[in-house]
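J.: What would the 3D arrangement of this be:
(chains A, B, C and D)
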Protein chains: 2
Amino acid sequence: MTDERYSISQVSRCFGVPISTLRYYDELGLLPSAGRKGNVRLYGPAELRRLALIQRLHHRGLVSLADTAALICEAPADDRPTGRDVLGASIETIKGRIEDLRAAQHLLEHMLTCPRADPVRDCTELRVELDQAVEDGLGALDV
Amino acid sequence: MTDERYSISQVSRCFGVPISTLRYYDELGLLPSAGRKGNVRLYGPAELRRLALIQRLHHRGLVSLADTAALICEAPADDRPTGRDVLGASIETIKGRIEDLRAAQHLLEHMLTCPRADPVRDCTELRVELDQAVEDGLGALDV
DNA sequence: TCTTGCACTCAAGTGGACTTGAGCGTGCAG
DNA sequence: CTGCACGCTCAAGTCCACTTGAGTGCAAGA
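T.: Numbering: from 1, shown residues only, chains lettered A, B, ... in the order given. Now for the predicted structure:
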């Protein structure tokens, strides 16, 4: 608040992002520093907001760094459609992943609560579901 | 259906998994073949089910291969708690990721529908949210 | 018999996202 | 003025999940 300009180590501490990562993002052009004093990077509010955005999108592999870059780097106007495309595609990808995760969650919860000692071998319910998947797959062989 | 034993290329085709990946999983012990004829891998129904399970868990990085292995390889009985732990932890991880994904999805949807030419720079709503995150982070500096 | 196709092994390479290390500069407290 | 914290660059290394390539074997069909 007092300052307006932050050193790389301050940014690192606030956001829990390693210094090496910040330098790496700078190198990529994903998060350039606001400027330099000597050759020391300084970050301002705009950079902090940008980093917050990057984190929200990229955190734990939600969106690849390349896509994140495509999404948040102001496109050169004529490139705008590209940005929109990535945007739409990313949303679809994310929706798909949420579905996948939900399925995996159900599966794991079943494994956790299943009274069978080894659900993978013994649980009928699980087996039925997996067999269905196998059937679906095998269908492809008869073509 | 007719057969009960499948070649690596058949399995590859049914499940859309590259042959190299199947060999890799075999090498890891994650998905051993049912046996070999000569030194050619053969897969049976149990292996297909196992592969279906692996896919559900591992698909697009949902769960790491190591964790997938921990989850589905029958633990040596005394190791059972370990399996349970991984199970619980995985479920929590997955829940967290679903939340993160939802947040990212909202953010992207806002960016898509926002009338501003460049939401990242111009959208007040977005800025407010990001500023909040920045404030939260900066709080850590005053300690 | 010869070729074609599928399978195998083992070692090395790939890509994404960083991390680590060596070697160097700079500013300020003691 | 010396030492330490902090910062810098550039090259190389790491981890994961595979993929690719070189070299080989076997079995069936023309």
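J.: who in chain A is up against DNA strand D?
T.: A:7-10, A:19, A:23, A:33, A:39-41 (C-beta under 7 Å from any atom of the strand). Using the backbone N, CA and C atoms, a C-beta is placed for each residue, glycine as well.
J.: try 10 Å
T.: A:6-13, A:19-20, A:22-24, A:26-27, A:33, A:36-43 (C-beta under 10 Å from any atom of the strand).
J.: Can you list which of those are found in helices?
T.: Among those, the members found in helices (DSSP state H) are A:8-13, A:19-20, A:22-24, A:26-27.
J.: Can I get those residues in JSON lines including pLDDT and neighbour count?
T.: Below are these laid out as JSON lines (pLDDT from 0 to 100; neighbours: other C-beta atoms under 10 Å in any protein chain shown):
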{"residue": "A:I8", "pLDDT": "98", "neighbour count": "18"}
{"residue": "A:S9", "pLDDT": "97", "neighbour count": "10"}
{"residue": "A:Q10", "pLDDT": "97", "neighbour count": "18"}
{"residue": "A:V11", "pLDDT": "97", "neighbour count": "23"}
{"residue": "A:S12", "pLDDT": "97", "neighbour count": "17"}
{"residue": "A:R13", "pLDDT": "96", "neighbour count": "17"}
{"residue": "A:I19", "pLDDT": "98", "neighbour count": "14"}
{"residue": "A:S20", "pLDDT": "98", "neighbour count": "10"}
{"residue": "A:L22", "pLDDT": "98", "neighbour count": "21"}
{"residue": "A:R23", "pLDDT": "98", "neighbour count": "15"}
{"residue": "A:Y24", "pLDDT": "98", "neighbour count": "14"}
{"residue": "A:D26", "pLDDT": "97", "neighbour count": "16"}
{"residue": "A:E27", "pLDDT": "96", "neighbour count": "10"}
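J.: In JSON lines: those, plus distance to A:E135.
T.: Written out in JSON lines, the entries for those read as follows (distance: C-beta to C-beta, whole Å):
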{"residue": "A:I8", "distance to A:E135": "56"}
{"residue": "A:S9", "distance to A:E135": "57"}
{"residue": "A:Q10", "distance to A:E135": "57"}
{"residue": "A:V11", "distance to A:E135": "53"}
{"residue": "A:S12", "distance to A:E135": "52"}
{"residue": "A:R13", "distance to A:E135": "54"}
{"residue": "A:I19", "distance to A:E135": "52"}
{"residue": "A:S20", "distance to A:E135": "49"}
{"residue": "A:L22", "distance to A:E135": "50"}
{"residue": "A:R23", "distance to A:E135": "52"}
{"residue": "A:Y24", "distance to A:E135": "46"}
{"residue": "A:D26", "distance to A:E135": "52"}
{"residue": "A:E27", "distance to A:E135": "50"}
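J.: nearest to A:G139, of those?
T.: Distance to A:G139 across these (C-beta to C-beta) is lowest for A:Y24, with 45.7 Å.
J.: thinking again about what came up before, which ones among the ones in helices among the residues of chain A next to DNA strand D also lie next to chain B?
T.: The subset of these within reach of chain B, by C-beta under 8 Å from any C-beta of the partner chain, is A:10, A:13.
J.: of all the ones in helices among the residues of chain A next to DNA strand D, which two lie farthest apart?
T.: A:R13 and A:E27, at 20.6 Å, using C-beta to C-beta across those.
J.: Briefly note if the worst-scoring helix or strand of chain A on mean pLDDT comes near chain B.
T.: Least confident element among the helices and strands of chain A, by mean pLDDT, DSSP states H and E: helix A:119-122 (a mean of 82). Yes. Judged by C-beta under 8 Å from any C-beta, helix A:119-122 and chain B are in contact via A:120-121.
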